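**Q** Next one to model:
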Amino acid sequence: MAKPRASFICEDCGARHQQWSGQCGACGAWNSIIEHRPPRAAASSASVAAVPLGAVEDDAAVRRSTGLSEFDRVLGGGLVDGALILIGGDPGIGKSTLVLRAAAALGTDRRPVLYVAAEESPQQVRMRARRMGLESSAIHVYPDTEVGGALAEAERLRAGLVVVDSIQTVRVEGLAAAPGSVSQVREATVQIMQFARASQTPVMLVGHVTKEGTVAGPRTLEHIVDTVLYLEGDDFHAQRLLRSVKNRFGPTFEVAVFEMRGDGLHEVPNPSALFLAERDARAPGSAVAVPLEGTRPLVVEIQALTAPTAYALPKRLATGFDLNRLHMLLAVLGRRAGVKLGQHDVYVNVVGGLRLREPAVDLAVAVAIASSARDQAPGPQVAAIGELGLSGELRSVPSAAVRVREAERLGFTRCLVPTASARNGATEGLGAANLAEALALALP
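**A** The predicted structure follows:
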């Protein structure tokens, strides 16, 4: 049998190389490449037999509430025993605050919560808990970074939940690499996963993110865990969005909305009303969109401003909306609807710090831009729903009826929708086949 061929792996970024070199060609780190030789395949034994799928015992997952209904929504209804959950986000966004509030709700005297404080001291964790009004004796703080000791302590306490804050700062005893390196993060996550499966103890991992917005460390980290959540927001708004991008126990791309206050994160039960709280319906350049985040419709305000420019190259700027898609919508507006903006700067903003990626908001963005260009406000009770094609046609969007009902609940009695999605009922669905018809209805 041929010997397994060795490969060389960068400890910083996880890139594989055919031979050793002093510098990693992928990330540029020096002296980070180590040799990795896969183990020799052992002869398989017949001790495990395959089982027909129909004979597998159907064990329905029992879910526990985290004390936050918005958090439960993103998790698919609550926390499942044995689940491994990764929560990522920018520094200071509120990850530790979120998991500490969940730990206080889940911990009991019989099944306490073990909080592995790998980044902070126990005193710092206590200060945060006091600020949040959480004086729970069911939370035990483990002030060390060694994974084996933390898992042994969790077994001794018979913990009902383990929180690791953060996965990039814990270490595996006997591994020469520094904490945060690819090998340390991968090995620590594998050991924690094995513990969670064997003991049926849910584990929450707090993770750092890179400048690209993804969880730092090897990409395999997201494949190992059961659920990946991202906490999003910016420094200038109090709103925080908890977004699910992977969930083995529920739907993906669900969104929970929180508000950061002095005593921690508070859930927002009606986010649409929050995003529209300060809207001036009489102002030109303001339109209402109804994006769908997971299964939840949100009613948000789109603002646009057009201004003449003296320069040959007009400026286009978008906040919370894809800039390339803005360029496409401006071309469609000029060619198919007669809204010429070649000599105008165009600015688009999604109110509330949201980032909208769904094509269903195309029509609302186009209406806001045309409204600003014509200096004419749309009707105060008009919401726009639809995707724009390059020929100016309006394309139907999924769950149009759900979006219309959400707009109706907030008082919008006229909804601009593609003709294929128009419906009859209490809400007046104004069907339009193309962009020109939609603008004629929104800006008569």
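**Q** Model confidence for the spatially closest residue to Pro143 that is not a sequence neighbour, exactly?
**A** Distances taken as CB to CB, 6 or more residues apart in numbering put Pro122 closest to Pro143, at 5.1 Å, once the chain neighbours are dropped. For glycine as for every other residue, the C-beta is placed from the backbone atoms N, C-alpha and C. If you check Pro122, the pLDDT there is 93.
**Q** Could you do the one 3 residues further on as well?
**A** According to the predicted model, the pLDDT of Val125 comes to 94.
**Q** wait, isn't it in contact with Ala118?
**A** No. In terms of CB atoms under 8 Å, Val125 does not count as a neighbour of Ala118; the distance is 11.0 Å.
**Q** on that earlier part again, neighbours of the residue nearest to Pro143, just the number please.
**A** 13 (other CB atoms under 10 Å).
**Q** what's the spacing between it and Val170?
**A** 16 Å (CB to CB, to the nearest Å).
**Q** Equivalent analysis for Ala312, please.
**A** Taken as CB to CB, the span from Ala312 to Val170 is 55 Å.
**Q** Please apply the same query to Ala304.
**A** Distance from Ala304 to Val170, by CB to CB: 47 Å.
**Q** For the stretch 51-200 of the chain, which residues score under the pLDDT cut-off?
**A** Along the stretch 51-200 of the chain, segments meeting pLDDT under 70 span 59-61.
**Q** more crowded one of Val125 and Ala118?
**A** Taking other CB under 10 Å, Val125 and Ala118 do not tie; Ala118 has more neighbours (23 against 20).
**Q** Torsion angles phi and psi at that one?
**A** Dihedral pair for Ala118: phi -80, psi -20, per degrees, to the nearest 10.
**Q** That one against Thr169, yeah?
**A** Yes. Ala118 is in contact with Thr169 according to CB under 8 Å; the separation is 4.1 Å.
**Q** Overlap of the contact sets of those two?
**A** When CB atoms under 8 Å, 6 or more residues apart in numbering defines a contact, the residues bordering Ala118 and Thr169 alike are Thr145.
**Q** can you list contacts of stretch 164-179?
**A** Residues contacting stretch 164-179 (CB under 8 Å, 6+ apart): 11, 34, 86, 95-96, 99, 115-120, 145-148, 150, 180, 183-185, 187-189, 191-192, 203-208, 216-217, 221.
**Q** Quick one: distance of it to the chain centre.
**A** 25 Å (CA atoms, centre = their mean, to the nearest Å).
**Q** And for stretch 103-120?
**A** Using CA atoms, centre = their mean, the offset of stretch 103-120 from its chain centre is 24 Å.
**Q** Run through who's touching it.
**A** 64-68, 79, 96, 100, 124-125, 129, 134, 136-145, 150, 153-154, 157-166, 169-170.
**Q** hmm, which of those are the buried ones?
**A** With burial judged by 16 or more other CB atoms under 10 Å, the buried subset of the contacts of stretch 103-120 is 64, 66, 68, 79, 96, 100, 125, 129, 134, 138-142, 145, 150, 153-154, 159-166, 169-170.
**Q** all helices of the stretch 101-250 of the chain, in order?
**A** Assigned by DSSP state H, counting those that start in this stretch, the stretch 101-250 of the chain shows helices spanning 122-131, 147-157, 182-199, 220-224.
**Q** and the first one, what other elements does it pack with?
**A** With contacts defined as 3 or more CB pairs under 8 Å, 6 or more residues apart in numbering; DSSP states H and E, the secondary structure elements packing on helix 122-131 are helix 95-106, strand 113-117, strand 139-142.
**Q** how distant is it from the center of its chain?
**A** Worked out by CA atoms, centre = their mean, helix 122-131 lies 27 Å from the chain centre.
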